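Student: below is the sequence, then the predicted model.
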Amino acid sequence: MSIARSVAEVLDEHVTLELECIDRMYCNLYIPILQSPEGIAWFFKHHRGHVFASSALMAPITKAFIEHIESFAEREGIDLVTFRRGERKEDIAKEYLDRFSADEGVLFIGKAQEKTAVVRTERRRNPQTGAPYAWLVKTTAVINQYYFYCVDRDFGPFFIKFASYFPCNGKLCFNGHEYLKRQLAKRHIPFTALDNGIAECADPKKMQTIADELDAEKIDALARKWFRRLPHPLPARDRAAGFRYEISTLQAEFSLTQVFDRPLSGRFFFEQVIRDNLDAGRPDQVQLIFDRRVMRTTPGRFRTRVLSDGVIPSLHVDYKHSRIKQYHKEGRALRTETTINDTRDFAIGRKLENLPALRKVGFTANRRLLGVQRISHDCSIGEDSFQQIHHHIQRNGQHAAALAFGDPRVLALLGAMVLFRLLPRGFSNTDLREHVATLLGLSADLMTRGKMTYDLRRLRLHGFIERIPHSHRYRVTAFGFRAALFLTRSHSRLFRPGLAALGPRDPPAPAALRDAVSRIEHAVDHLWRDVA
């Protein structure tokens, strides 16, 4: 079985399954009016009827919420785990998930101290009377955050976290691929799971339809469902008065997974993509990928990074606060995912109702990156062509000697190929002999017909020319013309002047290439002395 040699060939002929799906979403949970000191002051003075608003009024709410959490954990038999510094929360959640057998429920409650924006009281004085008064200001503090790691019947594993300090802002995090797996299982559609993805599915079209159905309404329903089941920071009377949580997008990942027919195709493909697309983060390329105009005043860094986790590399393209990541997943699939960390990068609001617009941006960016990669050349094709030209070959039982690069006779043959490309009737043995002799500075008598027959055979078997049917004339192939033009120009404009600059004698004028090589040589000598 041959290895696919280009991006287009791999994507068109070696992908067995393709899936677009929301991956991880990280959402803000907040009560709008309680996000500013002025709103909190209105809450305590006009809703709860206090004369003054101060942080002293927040303490009872915090205390009641913590007591509610502890009593809930004791009543339900749920572990209350304190996260230690540097401990991965996901690893602990996986341990609990492996032991969890119910259809849905709370795995455990985690507690961690984190720096968070809060509203506190600042003592100020009236400039006229000198009397002190309390004033609410926004600041930061290290407070307890409570993580509720749960399993939902429809969404699978997810977590909700609440700050213990009023107004108890929260976060909701879930994974769209876990939602998809649950829905496929509920509908009895056979599938093979991939870590955070799908490797095989009996009904790919239905699977894609289910993935597309994950919308803002379903995400909102997930949050409301568990608000009713978990301890809530605000008492029922406050919620009945309209102080309810709203949901906005903090971070959203939109992924495209393409499963290959065999691991070798994917690994080979991805290595070539990384080599060929190191410039994908340049502003001109980013404009193509994100369909956004990039000017000198556009904020953010535009760069391409290749990161390695062990021996598995990944390609990262940055745009403002967002990025595209591309990597080879479990040796089986190509994962391309756009992560939007700030919806304002694309002039889209943060509310959950804007999810359709975000989906369009994310999935389109994935496709555009692949589109840019499709038109890039694959280095393996160039390697095959180099071997085809510069080594002897066997074709259809016939042997052809190499066309050695730099050999004067070969260069003369290639130069003649460039001229003969324009001849509509092709060329003959005699035509080739005259031009090659001229290019070599020899008499035509010294270039015998037998030598030209030998060269014609070499050129034909190497794919530079083809015989015109029912004649003794030849025409230059498209590959032959391009290769001949490239090789002759490279020799005259690159190798000859470059080697002249690097030769044993200094060139008559300063040579940048010689200076650069000298610096590299000096650095290598210095490194060698350090190692020795």
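Tutor: Received the coordinates, thanks.

Student: what pLDDT does L432 get?
Tutor: In this prediction, L432 carries a pLDDT score of 87.

Student: could you do N28 as well?
Tutor: On pLDDT, N28 comes in at 95.

Student: the strand or helix carrying it - contacts with which helices or strands?
Tutor: Assigned by DSSP states H and E, N28 belongs to strand 15-30. The elements that strand 15-30 packs onto, with contact taken as 3 or more CB pairs under 8 Å, 6 or more residues apart in numbering; DSSP states H and E, are strand 170-175, helix 176-186, strand 197-201, helix 204-212, helix 216-229, strand 246-260, helix 355-374. Bear in mind the C-beta positions are built from the backbone N, C-alpha and C, glycine included.

Student: hey, C-alpha coordinates of the next helix or strand after that strand in CSV?
Tutor: Counting by DSSP H and E, the next helix or strand C-terminal to strand 15-30 is helix 37-42. Provided in CSV are the C-alpha atoms of helix 37-42 (Å, rounded to 0.1, in the frame of the first residue of the first chain):
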residue,chain,number,x,y,z
PRO,A,37,-20.6,47.8,43.6
GLU,A,38,-23.5,50.0,42.6
GLY,A,39,-25.7,47.0,41.8
ILE,A,40,-24.8,45.3,45.1
ALA,A,41,-25.6,48.4,47.0
TRP,A,42,-29.0,48.5,45.3
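
Student: which parts of helix 37-42 are buried?
Tutor: The neighbour-count check on helix 37-42 (16 or more other CB atoms under 10 Å) flags P37, I40, A41 as buried.

Student: got those residues as CSV, with pLDDT and distance to F405 columns?
Tutor: As requested, the buried residues of helix 37-42 are exported to CSV (pLDDT from 0 to 100; distance: CB to CB, whole Å):
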residue, pLDDT, distance to F405
P37, 91, 75
I40, 91, 76
A41, 90, 80
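
Student: and of the residues you listed, the nearest to I61?
Tutor: I40 (11.0 Å; CB to CB).

Student: for F495, see how far away that closest one is.
Tutor: 74 Å (CB to CB, to the nearest Å).

Student: hang on, the earlier thing: could you figure out how far the strand holding N28 is turned away from strand 197-201?
Tutor: With axes from the mean of the first three to the mean of the last three CA atoms, to 10 degrees as the basis, strand 15-30 and strand 197-201 are set at 140 degrees to each other.

Student: buried sites along strand 15-30?
Tutor: Quick answer for strand 15-30 (16+ other CB under 10 Å): 15, 17, 19-25, 27-30.

Student: return the member of those nearest to Q183.
Tutor: Distances from Q183 to these, taken by CB to CB, are shortest for C21, at 11.1 Å.

Student: which ones are touching the closest one?
Tutor: C21 is in contact with G176, H177, L180, G197, A211, L214, S255, T257, counting by CB atoms under 8 Å, 6 or more residues apart in numbering.

Student: residues in contact with the one residue sitting closest to the centre of the chain?
Tutor: With distances taken as CA atoms, centre = their mean, the residue of the chain nearest its centroid is K325 (1.4 Å). K325 makes contact with S314, L315, H316, R335, T336, E337, T339, according to CB under 8 Å, 6+ apart.

Student: just to be sure, it is in a helix?
Tutor: No: K325: not assigned to a helix; according to DSSP: H, G, I helix; E, B strand; the rest coil it is strand.

Student: bridging residues for it?
Tutor: The partner list for K325 in beta bridges (DSSP bridges) reads H316, E337.

Student: can you give me the pLDDT of it?
Tutor: Value listed for K325 in the pLDDT field: 86.

Student: before we move on, the earlier item: in JSON lines: the helices and strands packed on strand 15-30, plus mean pLDDT, mean neighbour count and distance to V81.
Tutor: Listed next are the helices and strands packed on strand 15-30 as JSON lines, based on pLDDT from 0 to 100; neighbours: other CB atoms under 10 Å; distance: least, CB to CB, whole Å:
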{"stretch": "strand 170-175", "mean pLDDT": "96", "mean neighbour count": "20", "distance to V81": "17"}
{"stretch": "helix 176-186", "mean pLDDT": "95", "mean neighbour count": "20", "distance to V81": "22"}
{"stretch": "strand 197-201", "mean pLDDT": "92", "mean neighbour count": "19", "distance to V81": "29"}
{"stretch": "helix 204-212", "mean pLDDT": "96", "mean neighbour count": "15", "distance to V81": "33"}
{"stretch": "helix 216-229", "mean pLDDT": "95", "mean neighbour count": "15", "distance to V81": "19"}
{"stretch": "strand 246-260", "mean pLDDT": "93", "mean neighbour count": "21", "distance to V81": "24"}
{"stretch": "helix 355-374", "mean pLDDT": "87", "mean neighbour count": "19", "distance to V81": "32"}
